[in-house]
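S.K.: Model the structure of this input:
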Amino acid sequence: MQLKRANTRMVGKLAVIAVGMFSFGYALVPIYKTICEMTGINVLALSDKLTSGQKVSAPYNTQVDLSRTITVEFDANSRGPWDFKPAQRSVQVHPGELTTVMYEFQNIQNRRMTAQAIPSYAPQQASAHFNKLECFCFNQYTLEPGEKKIWPVAFVIDSKLSKDVKTITLSYTFFEVGGKTPPAPIASVQGVVQPGVGS
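M.R.: The predicted model follows:
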């Protein structure tokens, strides 16, 4: 009789543990998503909530340099018959701040196509400090005739970027895969402020 009671108690404890483990596993998804959105670690979770041209900032931390503001301009070039453009032409950001912008694309041909984008930067020194966490330029895409897409670019500008740089131009050239890959475009260098000039 005592053994039966001990077994019943053990089964009860195991059932409670099993329910607790299941509940914890079920709660992990919303907990993980909330933590990622708060810290900005999982940019893909943030992109679900984006609308065209919306800017997303990471929570304040010591890596964001609020004493500096950099203008980031966006440019789009296409090597082929399709529409490709940024949803907005420029944003103002602080070094260390997570920012997301959108690019719009439409295949206006009457055939399926596969394409990819090549980025370039002006001034050229900015490329080493322009960190993209999410970008459509990482992959090739196949689009059906008339298909439209809106793609995010999530980036952080390193606070080690020279203080002489006040403006960065991010330019993309979109080309069809399978043809000759074009060289990266030479972007304007208007964003560079020479030392001692305008400062």
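
S.K.: doesn't Pro123 make contact with Leu161?
M.R.: No: taking contacts as Cβ atoms under 8 Å, Leu161 lies outside contact range of Pro123: 9.9 Å. Where C-beta positions appear, they are placed from N, C-alpha and C, glycine not excepted.

S.K.: which is the next helix or strand following the worst-scoring helix or strand of the chain on mean pLDDT?
M.R.: Within the chain, no helix or strand scores below helix 43-47, which has a mean of 45 by mean pLDDT, DSSP states H and E. Toward the C-terminal end, the helix or strand that comes next after helix 43-47 (DSSP states H and E) is strand 70-79.

S.K.: Adjacent strands (with direction) for the following helix or strand past that following strand?
M.R.: Counting by DSSP H and E, the next helix or strand C-terminal to strand 70-79 is strand 82-86. Note on strand 82-86: by DSSP bridges, its sheet partners are strand 99-107 (antiparallel).

S.K.: So which residues of the protein form helices?
M.R.: Applying DSSP state H to the chain gives helices spanning 2-39, 43-47.

S.K.: between those, which gets the lowest average pLDDT?
M.R.: For those, the weakest mean pLDDT is recorded on helix 43-47, namely a mean of 45.

S.K.: Quick one: residues contacting the closest residue to Arg89 other than its chain neighbours.
M.R.: Distances taken as Cβ to Cβ, 6 or more residues apart in numbering place Phe74 nearest to Arg89, at 6.0 Å, with adjacent residues excluded. Counting by Cβ atoms under 8 Å, 6 or more residues apart in numbering, Phe74 touches 86, 88-90, 101, 103, 169-171.
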